[in-house]
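>>> here is a sequence with its predicted model. Questions after.
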Amino acid sequence: MVEVQPEQTTQYKNTAQMFQNIPAESKSDDALPKGVVLDKDGKPCRTCSSLSSWRALTKQADKKNATNTSTTATPALAAAATPSPSELPSDCPPDVEQLGRSTWTLLHSMAATYPEKASTEHQSNMEGFLKFFSKLYPCWVCADDFQAWMAHPSGRNQPKLGSRKEFGWWMCEAHNEVNRKLGKKEFDCRFWEERWRSGWKDGRCD
Ligand SMILES: Cc1cc2nc3c(=O)[nH]c(=O)nc-3n(C[C@H](O)[C@H](O)[C@H](O)COP(=O)(O)OP(=O)(O)OC[C@H]3O[C@@H](n4cnc5c(N)ncnc54)[C@H](O)[C@@H]3O)c2cc1C
């Protein structure tokens, strides 16, 4: 049994146990709840998976640990039996959605504060940022797809960095590409600046 600090949440405790107790051969796709994405090292990737998949996984690990250790009423099992709120507490590691929302906020805000006319140096800094960002994004499946989209052989998806308008529109298109992939509604890019820079014309952001 892994020793757990009192301040750690139940979910983190389960995750720690899961990583240490589940043998590698049982970490195949078959054994995992639907929607759990594995990291490149074969372990479940929290920042690549949704909260609901992650919770299914921690419950599965809980049951497995209870069976293996003949434990009865642990706090983790009690928590697993209680319906979970749909949102994580704000001080827990992010799932793929929370990470995504926070990242889009950063990316669109970078576009919103981009120079109206960007110098060559500014363009090259942003180009470098996007290149590394697309390699280092903590959800590797997201990163791989994003890189592939940017590298479309036609060159049509390369970052447009000449001006704020171009870059903001490009970022909106990039985000819409992910929206389409996930079956979400596309955003009307004519409004990207109201959403991320000036606030809506009805004044609700002022
Ligand atoms: C580079 C990248 C790749 C990703 N790839 C994946 C993936 O492969 N699989 C996966 O499950 N998740 C992925 N995500 C996360 C995913 O895009 C969402 O962030 C997540 O699903 C949460 O979605 P949401 O509906 O809360 O809103 P989000 O899509 O996070 O959007 C946040 C807010 O941005 C605004 N918005 C929406 N679309 C646009 C747009 N086109 N332009 C400007 N503003 C917009 C809306 O106001 C919205 O509420 C990725 C995130 C990033 C940053």
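Okay, I see it. Numbering: from 1, shown residues only.
>>> give me the contacts around stretch 116-133.
Outside of stretch 116-133, the residues within contact range by Cβ atoms under 8 Å, 6 or more residues apart in numbering are Met110, Tyr114, Pro115, Met150, Pro159, Leu161, Gly162, Ser163, Arg164, Lys165, Phe167. (Each C-beta comes from the backbone N, C-alpha and C, glycine too.)
>>> excluding chain neighbours, what is closest to the second one?
So the one you mean is Tyr114. Arg164 (4.4 Å; Cβ to Cβ, 6 or more residues apart in numbering).
>>> for the one you found, what are phi and psi?
In terms of degrees, to the nearest 10, the main-chain angles of Arg164 are phi -60, psi -40.
>>> ditto for Arg197
Main-chain torsions, Arg197, degrees, to the nearest 10: phi -130, psi -60.
>>> what sits against it?
Ala112, Thr113, Gly168.
>>> if you set the cut-off to 6 Å instead, what comes out?
Ala112 (Cβ atoms under 6 Å, 6 or more residues apart in numbering).
>>> ok, now how distant is it from Lys165?
Separation of Arg197 from Lys165 (Cβ to Cβ, to the nearest Å) stands at 11 Å.
>>> test my guess that the residue nearest to Tyr114 contacts Ala112.
No - applying Cβ atoms under 6 Å, one finds Arg164 not in contact with Ala112, separated by 7.6 Å.
>>> what about the residue in the chain that the ligand sits nearest to, which SS state?
For the chain and the ligand, the shortest gap (Cβ to the nearest ligand atom) falls at Gly100, measuring 2.2 Å. Put simply, Gly100 is helix when judged by DSSP: H, G, I helix; E, B strand; the rest coil.
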